[in-house]
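Trainee: Just to be clear, the model below is a prediction. Sequence and coordinates:
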Amino acid sequence: MLVTGPPGCGKTTVLLKLYKLLGDRGYVVGGIISPEMRREGIREGFEIVDLLGRRGILAHISLATSGAPMISRYGVDLRDLDEISREAFSRDADVFIVDEIGPMELKSNVFASEVWRKLDSETPVAAAVHFRTSAGFIARVKDRSDTRLVVVTAKNRDRLPDLMCQQIVEALGPSE
């Protein structure tokens, strides 16, 4: 299950609510989220958080002059991104959530290969994908015959977590 939409439409909120709904039903939910890092209300970067493990820096403005790969004004911390992606996607879980499959995360070949490996597995995956990108890895993910792409809107964002949870529960059966 893939959710997409323009920045600020609620993709992350949908996935975090889904995470809670599944956890409340007893499912083990693994994967990665990338919350913003703010100081005094100003976004300075993004964390990378393994839902079942540790956290690190995905990208930060302080890395802009470090020689790190750049996305906009943020330098991407490939070491944290690679290590945490490898760890997160190797864990056992009933469901995986990925927020997000976007240009920043795709600076890491490890992240891309781990996401693809997980998509090829039997484990359900719910992920946010970059809205505007229609080429490369993101296009291949969107074009998979085993994925469903939903655009998050103001009209559907409150219902989506429940609908997605229901579909995942039906696919998995009751938690143990």
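Mentor: In hand now; what should we look at? This is a predicted model, so every value here is computed, not measured. Numbers count the residues shown, from 1 in each chain.
Trainee: For the rest of this, base every contact and every neighbour count on C-alpha atoms.
Mentor: OK.
Trainee: Please name the bridge partners of I101.
Mentor: Judged by DSSP bridges, the bridge partners of I101 are V129.
Trainee: quick one: the strands in this structure?
Mentor: Assigned by DSSP state E, the chain shows strands spanning 2-4, 29-33, 36-39, 42-50, 55-60, 70-71, 74-76, 95-101, 125-129, 149-151.
Trainee: Show me what the longest one packs onto, helices and strands only.
Mentor: Meaning strand 42-50. On a contact count with 3 or more Cα pairs under 8 Å, 6 or more residues apart in numbering; DSSP states H and E, strand 42-50 meets strand 29-33, strand 36-39, strand 55-60, helix 78-90.
Trainee: what angle sits between that strand and strand 95-101?
Mentor: For strand 42-50 against strand 95-101, the angle by axes from the mean of the first three to the mean of the last three Cα atoms, to 10 degrees is 150 degrees.
Trainee: quick one: strands adjacent to strand 42-50?
Mentor: Sheet partners assigned to strand 42-50 using DSSP bridges are listed as strand 29-33 (antiparallel), strand 36-39 (antiparallel), strand 55-60 (antiparallel).
Trainee: Can you add mean neighbour count and give the ones you listed back as CSV?
Mentor: As requested, the strands paired with strand 42-50 are exported to CSV (neighbours: other Cα atoms under 10 Å):
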stretch, mean neighbour count
strand 29-33, 24
strand 36-39, 13
strand 55-60, 22
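Trainee: Indicate which one of those strands is closest to T147.
Mentor: Among these, strand 29-33 comes nearest to T147, with 17.2 Å by Cα to Cα.
Trainee: measure M1 to S90 for me?
Mentor: Distance of M1 to S90, given as Cα to Cα, to the nearest Å: 20 Å.
Trainee: circling back to that earlier point, so which of the helices and strands packed on strand 42-50 is nearest K107?
Mentor: In terms of Cα to Cα, the element of the helices and strands packed on strand 42-50 nearest to K107 is helix 78-90, at 7.5 Å.
Trainee: for the record, mean pLDDT for stretch 31-51?
Mentor: If you average the pLDDT over stretch 31-51, you get 94.
Trainee: Tell me which residues are up against that stretch.
Mentor: For stretch 31-51, the external contacting residues (Cα atoms under 8 Å, 6 or more residues apart in numbering) are 29-30, 52, 55-61, 74, 80-81, 84-85, 87-89, 96-100.
Trainee: And T123, what's its pLDDT?
Mentor: Confidence score, pLDDT, at T123: 95.
Trainee: so where is the chain shaky, pLDDT-wise?
Mentor: Applying pLDDT under 70 to the chain flags the ranges 175-176.
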